[in-house]
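Undergrad: Here is my input, please return the structure:
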Amino acid sequence: MQPKLGEMDIDYQVLHDALFKYQTKSKLTSHGDLHPEGKEFEVKLREIKPGMLSQELKEALGMPKGAPPPWLINMQRYGPPPSYPHLKISGLNAPIPSGAKFGCHPGGWGKPPVDDFRRPLYGDVFGQQEEQPNYKEEPEDKTKHWGDMEEEEEVEESD
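TA: Numbering: from 1, shown residues only. Presented below is the predicted three-dimensional model:
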């Protein structure tokens with residue numbers, strides 16, 4: 001076996017082209033000054049919303065069409081995720097899809113989370129509550145300024 005005495009077989013033209021000719025700028029963070037290792041492999045999360053299951057995830061979990069997610073039973077037992085207090089989850093704090101039934105049979109939506117008086121614990125799980133009317137505030141008059149005195153109408157007195 002013969003040692004390589006510091007010799008390397010490098011094509012310097014290829015090395016020059018790789019470093020100077022074909023080099024592209026990598027995307028930086030929002031601050032523009034840092035590039036952490038592996039940043040280019042991170043998933044873009046802008047189009048992903050919590051509670052919405054993609055078709056790929058449903059296939060990976062083996063969920064048939066119309067079946068609840070496998071974690072629904074635990075959510076009914078322990079409550080909604082604290083990180084998303086206003087997230088509507090069917091079978092937990094929102095009505096289940098039409099045609100679906102509560103129950104522990106295959107494709108069933110578990111046990112509705114209710115108290116001893118059959119009142120929903122986390123929201124409108126039965127779909128019986130009326131939606132709250134959305135009262136809009138009076139339109140603001142942009143011509144008036146805060147603190148301006150309103151003019152009083154003078155009433156003439158006749159004797």
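
Undergrad: Next, find the distance separating residue 106 from residue 97.
TA: Distance from residue 106 to residue 97, counting by CB to CB, to the nearest Å: 16 Å. Heads up, the C-betas are built off the backbone N, CA and C, glycines and all.

Undergrad: no, scratch that, I was asking about residue 116
TA: Per CB to CB, residue 116 is found 27 Å from residue 97.

Undergrad: Could you pull up the mean pLDDT of stretch 120-134?
TA: The average pLDDT within stretch 120-134 is 74.

Undergrad: Repeat that for stretch 67-85.
TA: pLDDT averaged over stretch 67-85 gives 89.

Undergrad: first to last residue in it, what's the distance?
TA: End-to-end distance for stretch 67-85, by CA to CA, to the nearest Å: 23 Å.

Undergrad: With stretch 21-41 instead?
TA: 24 Å.

Undergrad: Quick check on the nearest residue to residue 103 once chain neighbours are set aside: phi, psi?
TA: Counting by CB to CB, 6 or more residues apart in numbering, residue 109 is the residue found nearest to residue 103 once chain neighbours are left out, at 7.2 Å. When read as degrees, to the nearest 10, the backbone of residue 109 gives phi -100, psi 30.

Undergrad: Can you report how many residues lie near residue 109?
TA: 23 (other CB atoms under 10 Å).

Undergrad: Then the one 4 residues further on?
TA: The number of residues packed near residue 113 is 19, by other CB under 10 Å.

Undergrad: What of residue 94?
TA: Neighbours of residue 94 using other CB under 10 Å come to 16.

Undergrad: Excluding chain neighbours, what is closest to it?
TA: residue 88 (4.1 Å).

Undergrad: Quick one: residues contacting the one you found.
TA: 51, 94, 123 (CB atoms under 8 Å, 6 or more residues apart in numbering).

Undergrad: list the contacts for the second one?
TA: Residue 94 sits next to 88, 123, 124, 125, 127 when contact means CB under 8 Å, 6+ apart.
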